[in-house]
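> Pasting the sequence and the predicted coordinates here, then a few questions.
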Amino acid sequence: MTETLLAADEPPPVTVHNPSGRSPFLLVADHAGRAFPKALGQLGLADAETFRHIAWDIGILGTSLDLAARLDAPLIAQTWSRLVIDCNRPPGAPSSIPVVSELTPIPGNAGLSAAARAAREREIFRPYHDRIAAELDARAAAGRPAILVAMHSFTPVYRGERRPWHAGLLYRHTALAHPLLKLLQREPGLVVGDNEPYSVSDETDYAVPVHGERRGLLHVAIEIRQDLITEPAGQAEWADRFARLLPLAAGIG
């Protein structure tokens, strides 16, 4: 018998905002949500732990919603916590369903059966990425352009080290990333990471390699430091910045 995870009355794994947006940009937010399925409780974590970066990308949903509105772009966002299954990791990777995140043990992820892992992939990971693929397929069939922007936020301090960047761009293909990087570096007072605080790889990323690189689309992953977008004012500031700069970088501004 197939093991199930989500109850019928629980939210779907993916939410599409502004689905009729006409912009060539498609925003995706792999770590937008911090919900936990009822069947899993909170994976054995105290409430406070579920509000930390280990559980979600703080501030990125509000920022992405604002940016989607300013660009008139669709936003595809994940509902469930990255601790249930990380939708920006290849299934089966050690960090896909982490037993430890940063230095915090995740008791509800220890000793999972193959069936339990498969249920998380089948009910959360696959529907999310299938929805992104469907949007990109529909655009290709209609002859509409698509520019993929993966939205993320990062913690100001990681394992005791303070990070100096206000934002960073992650990429392997440079067509969109390098023009955007140059524009960001001209913004007054910003410290911008060039493939910092992370970099893209097939082992540690999924959205950019699969939906961006394999399709040959213009694409970039954006990281914004969380303390800058915790509140609505900061979210609006960064949404305004990227609404100005992304079209210029893509040559459509």
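Sure, I can see it. Keep in mind that what you see is a predicted model, and the values were worked out from it rather than measured.
> buried residues in the lengthiest helix in the chain?
When the chain is parsed with DSSP state H, its longest helix is helix 232-250. Neighbour-count burial for helix 232-250, with 16 or more other Cβ atoms under 10 Å as criterion, is recorded at 234-236, 238-239, 241-243, 245-247, 249-250. Every residue, glycine included, has its C-beta placed from N, CA and C.
> could you redo these as TSV and give each row distance to Gly62?
Output for the buried residues of helix 232-250, formatted as TSV (distance: Cβ to Cβ, whole Å):
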residue	distance to Gly62
Gly234	9
Gln235	4
Ala236	9
Trp238	10
Ala239	8
Arg241	14
Phe242	13
Ala243	14
Leu245	19
Leu246	18
Pro247	21
Ala249	22
Ala250	23
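> From Leu169, how far out is Ala249?
10 Å (Cβ to Cβ, to the nearest Å).
> hang on, Ser153 is in a helix, isn't it?
No - membership of Ser153 in a helix is not supported by DSSP: H, G, I helix; E, B strand; the rest coil, which gives strand.
> what is it paired to in the beta sheet?
Beta bridges link Ser153 to Ile224, judged by DSSP bridges.
> Can you check the pLDDT for it?
At Ser153, the pLDDT value in this model is 98.
> which regions of the stretch 1-150 of the chain lie under the pLDDT threshold?
1 (pLDDT under 70).
> So what touches the longest helix of the chain?
The contact list for helix 232-250 (Cβ atoms under 8 Å, 6 or more residues apart in numbering) reads 24-25, 59, 62-64, 66-67, 69-71, 147, 149, 167, 176, 179-180, 183-184, 187, 218, 222, 224, 228-229, 253.
> now, which of those residues lie within helices?
Those of the contacts of helix 232-250 mapping onto helices are 62-64, 66-67, 69-71, 179-180, 183-184, per DSSP H.
> Return the members of these classed as buried.
62-64, 66-67, 70-71, 179-180, 183-184.
> ok, these vs Tyr128, which is closest?
Ser64 (14.4 Å; Cβ to Cβ).
> Relative to Gly62, how far out is Ala150?
On the measure of Cβ to Cβ, Ala150 and Gly62 end up 16 Å apart.
> And for Phe125?
Phe125 is 24 Å from Gly62, by Cβ to Cβ.
> hmm, back to that, now find how far off-centre the longest helix of the chain is within its chain.
17 Å (Cα atoms, centre = their mean, to the nearest Å).
> what angle do that helix and helix 177-185 make?
Angle, helix 232-250 to helix 177-185, by axes from the mean of the first three to the mean of the last three Cα atoms, to 10 degrees: 130 degrees.
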